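Novice: What follows is a predicted structure for the sequence shown.
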Amino acid sequence: MRLHHFWFFLLILSILGAKVICHDPEDLQHENHPPGPPHGHWSYTDITEWDKVYPACGGKEQSPIDLNTQETRFEPSLKPITVSGYDVSSEERLKLKNNGHTVVLQLPDSLQITGGLANTYRAAQLHFHWGSLSSPGSEHTVNGKKFPGEIHVVHYSSSYKSLDEAVTQPGGLAVLAAFIQEGPEENDSYRHLLSYLENVKEAGQSTDIPGFDIRGLLPRQLDRYYRYNGSLTTPPCFQTVNWTIFNQTVFLSEDQLSILEDTIHHDDDHILQMNFREPQSLNGRLVLSSFRAPVSGRKAPGGALAPSSSAPDSADGSSNHSEQEAPGAQTFGTGELLAIIFGVLFVVTALSFFIYVRQNRKRNHRSSDKKSNVIYKAATAEDNMA
């Protein structure tokens, strides 16, 4: 009876343990845009009306999108992204502006993408999208989950004379994007940029800041990324963008994220938050990846977000490039491994119990067959001495 109790206890423990571990409270999260006054011709509170003034916003190749990591296709011809001129001298001044929708840093066209795309692309500007303390605000999502923020570095094809000329041409633009999430340490490269946000606190304000290494704002690894054709994520939403979304995230400290989320204002002195567009339908578009993603794995849980990923990459020991594998490099987390162990234990327990019962029945059967043929023999004195 004790052995039966033991197997029964293991069976119940396996079932209950698997149920508890597989529960994902992150699935209960959701985000809403707060009300706020419009700025200029459009705002993030009237997104559903954009296409009435800007027809391209109702097109079939809009951005951002949700990156479903199980539906991307590995494309070996996608080469690592290479850039040049990104280390801007401190003697050069860069214009930082609050345009009422985001904070924009104008970049000299000497910054270029020189590899990983069909053409050379010149830099024009970079900007950010973010949420709030209680809600993440990246534009692109991974398996339906958001990150706290997202950086976009906008470039235009060298085939055109200017950004204004390239913006309406197919493939005229290329945007390098990376997810931002919270980390334990300050990011040195971002410290320089964020220290000037107070100077552009109000909509329309601008200031000149010393040049710095723009490369430090991006992930260390530029060879692992997703690629698709899409649009600008704000009006006029022209569908002319080659999107590159890196698989590594960039870490900012909690204080740095707070500066990004709580400093910039838009009209009427309201804090600018939740400045993102929701993911748009793929409408049959193909999303390529420059690396092979695992066939199995869990969805990235979003927020800060515990995506299924490798540990933070700190090979060089530098906080300038604090980041980790984002969304697509999926591996089994602790919960999944424990669930698998409990599942295996359940199968082994059930099988062992079945074998035990079957053998016990056979043994009882054999014993009952022999009892009728046994001749009782009294023990002798010699037997008792053994």
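Specialist: Now that the structure is in, tell me what you want to look at. Numbering: from 1, shown residues only.
Novice: any idea whether residue 48 is helix, strand or coil?
Specialist: Put simply, residue 48 is helix when judged by DSSP: H, G, I helix; E, B strand; the rest coil.
Novice: cool, residue 179 as well?
Specialist: Going by three-state DSSP: residue 179 is strand.
Novice: Correct me if wrong: it contacts residue 147.
Specialist: Yes. Between residue 179 and residue 147 there is a contact under CB atoms under 8 Å: 4.0 Å. Bear in mind the C-beta positions are built from the backbone N, C-alpha and C, glycine included.
Novice: Run a quick neighbour tally on residue 197.
Specialist: When neighbours are defined as other CB atoms under 10 Å, residue 197 has 17 of them.
Novice: With residue 235 instead?
Specialist: If we define neighbours as other CB under 10 Å, then residue 235 has 18 of them.
Novice: who's in contact with it?
Specialist: Applying CB atoms under 8 Å, 6 or more residues apart in numbering to residue 235 gives the contacts 41-42, 50, 53-54, 57.
Novice: Kindly reformat those as a markdown table and extend each row with secondary structure and neighbour count.
Specialist: A markdown table is the format used below for the contacts of residue 235 (DSSP: H, G, I helix; E, B strand; the rest coil; neighbours: other CB atoms under 10 Å):
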| residue | secondary structure | neighbour count |
| --- | --- | --- |
| 41 | coil | 11 |
| 42 | strand | 19 |
| 50 | helix | 22 |
| 53 | helix | 12 |
| 54 | coil | 18 |
| 57 | helix | 25 |
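Novice: nearest to residue 128, of these?
Specialist: residue 42 (18.0 Å; CB to CB).
Novice: Make sure the closest one is actually in contact with residue 54.
Specialist: Yes. Contact criterion CB under 8 Å: residue 42 and residue 54 qualify, at 7.5 Å.
Novice: Residue 65 is in contact with residue 233, correct?
Specialist: No. Using CB under 8 Å, residue 233 makes no contact with residue 65, being 10.0 Å away.
Novice: Do I have it right that residue 290 meets residue 227?
Specialist: Yes. If you go by CB under 8 Å, residue 290 and residue 227 touch, sitting 7.1 Å apart.
Novice: Common neighbours of those two, please.
Specialist: 75, 78.
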